[in-house]
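Visitor: just need the structure, nothing else, for what follows:
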Amino acid sequence: MVSLVLLLLPIVGHADTPRAAADRLVLEGVKLGEAGRYEAAIAKFKDAEARFPRPIHQCNIGLAYTLWRRWPEALVYLDRCRAQSTEPLPAWVSEHTDVATTALEAGRFAPVEVTTRPQDALVTVAGFLADEQFTTPITLWLPFGRHELRASKDKNGIARRDVVITSREAQSVELAIGEGDPAPGPPTDDAVLRFRIAALGQFSFGGASTSRVSQTTNVTSLAPLTDLKSDLLATPGIGLLLELPVTRWLAVGLVFNVAWPKNETMVVGDISRDAFYGIDAIVKARWAFLPGRAEVWLGLPVGVTLCKFGADWERAYKDFDLREVSVGTAVGWNLSLLAGLHWRVVGPLAVVLELGWTHTAIAFDVTRKLSPVAPEEVYRIDVSTDQFSLDVGLSVTF
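Guide: Down below sits the predicted model:
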């Protein structure tokens, strides 16, 4: 943005005039933009435009949006800059216009021609900055998804219309101000099917595990590790989510995860963490409160869990009863309740935040022999755990 200011911003004194005040605001905005604070920079440029209108402000706003990679708004302001300027513009204005145009045409966007009755109304788009208003008629590029448009003029009321973008094909929409909301069109929710992949870092905390013996064969006495309750330590994990929306309000998916739990009994027995592998089917009820930008949801994952215990477990059981011991593979199931937030950062990339509770139940066999000629003793141990979780990650929507 520095080059733009040097070329288009006249050198003025410090007189207390609207032009001087606008110049100072532009320079403040440039510093904010150089620091990566694009939203704050845009606010400065808009304030400058309100005090002393001129094309430089449209150019700077367009450049800030370009550097912010918010292509739809960038193209609007760069086009407006070129249309308003009566003097030659620096080459970078056309270059950045081409960058924004290419990004929109190659990405998951579509041009939408917005008109109103009457014309020259102000239109806002959910998901854009709250103070962004565009005068009709205008063509706006919108990302795939559902967007609410609002139009108003004078005291004629407000017209609202949802626009659903499912392909790059151009669309047109007309909002009739003061004539009531339009009749709903055919259902389009099912058409917005966007496959989503999310990688999550998982952190579980609190809760406890309970174990008990459920079955025995040839067992005369039990080892001390078989019937007890133990507090759980913090549990790290990772997860991979594959999700497909079914309707506007519902999505289904699969979750693959690995966790490394540990309780206080394992600390006492000097038992290392073993990996628990899980695969869950999940159903989500979701709500987009900023269409195309943010989504909150409630999820119900149900799945299976598998763990192959390491040598530490056999050593621990053997230390307790001095017999030859083997510990079988643990198999079980889990049920979770999750609440989450999906916030699109740029393009198809979004931040994911989840908070939940998980109940897990597994069972495994412990086999031991007092001597080579003694019969095998087998007892089955059932273990259940309850723990809270916090997951943070990134998702990509295709």
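Visitor: which SS class is Ala208?
Guide: At Ala208 the chain is in strand, as set by DSSP: H, G, I helix; E, B strand; the rest coil.
Visitor: what about it, neighbour count?
Guide: Counted with other Cβ atoms under 10 Å, the neighbours of Ala208 add up to 14. For every residue, glycine as well, the C-beta is placed using N, CA and C.
Visitor: was I right about it contacting Asn263?
Guide: Yes: counting by Cβ atoms under 8 Å, Asn263 is a contact partner of Ala208 at 7.5 Å.
Visitor: so what sits against both of the two?
Guide: 230-232 (Cβ atoms under 8 Å, 6 or more residues apart in numbering).
Visitor: just these now: which is nearest Val99?
Guide: Closest approach between the shared contacts of Ala208 and Asn263 and Val99, by Cβ to Cβ: Leu232, at 51.0 Å.
Visitor: and for that closest one, the neighbour number?
Guide: Residues near Leu232, counting by other Cβ under 10 Å: 20.
Visitor: ok, now which ones touch it?
Guide: 204, 206-209, 261-263, 385, 387.
Visitor: buried subset of those residues?
Guide: 204, 207, 209, 261-263, 385, 387 (16 or more other Cβ atoms under 10 Å).
Visitor: Throw those into JSON lines and include pLDDT, secondary structure and distance to Leu175, thanks.
Guide: Shown next, in JSON lines, are the buried ones among the contacts of Leu232 (pLDDT from 0 to 100; DSSP: H, G, I helix; E, B strand; the rest coil; distance: Cβ to Cβ, whole Å):
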{"residue": "Ser204", "pLDDT": "89", "secondary structure": "strand", "distance to Leu175": "48"}
{"residue": "Gly207", "pLDDT": "87", "secondary structure": "strand", "distance to Leu175": "52"}
{"residue": "Ser209", "pLDDT": "87", "secondary structure": "strand", "distance to Leu175": "58"}
{"residue": "Pro261", "pLDDT": "92", "secondary structure": "coil", "distance to Leu175": "55"}
{"residue": "Lys262", "pLDDT": "90", "secondary structure": "coil", "distance to Leu175": "59"}
{"residue": "Asn263", "pLDDT": "87", "secondary structure": "strand", "distance to Leu175": "60"}
{"residue": "Thr385", "pLDDT": "92", "secondary structure": "strand", "distance to Leu175": "54"}
{"residue": "Gln387", "pLDDT": "92", "secondary structure": "strand", "distance to Leu175": "50"}
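Visitor: so where's the stretch 151-300 of the chain shaky on pLDDT?
Guide: 179-194, 220-227, 289-292 (pLDDT under 70).
Visitor: for it, which segments count as strands?
Guide: Assignment of strands within the stretch 151-300 of the chain using DSSP state E, counting those that start in this stretch yields the ranges 158-165, 171-176, 196-217, 228-231, 235-245, 250-259, 276-290, 294-307.
Visitor: quick one, which of those is nearest to Glu132?
Guide: Per Cβ to Cβ, nearest to Glu132 of the strands of the stretch 151-300 of the chain: strand 276-290, 13.3 Å.
Visitor: return the list of strands paired to that closest one, each annotated with direction.
Guide: strand 250-259 (antiparallel), strand 294-307 (antiparallel) (DSSP bridges).
Visitor: what sits up against stretch 25-40?
Guide: 1-2, 5, 9, 41-45, 47-48, 51, 56-57, 60, 63-65, 67-68, 129.
Visitor: what distance separates that stretch from the centre of its chain?
Guide: 27 Å (Cα atoms, centre = their mean, to the nearest Å).
Visitor: residues of stretch 86-102 that come out buried?
Guide: Result for stretch 86-102 [16+ other Cβ under 10 Å]: buried residues 89, 92-93, 96-97, 99-101.
Visitor: now the two most distant members of those residues.
Guide: Leu89 and Thr101 (15.9 Å).
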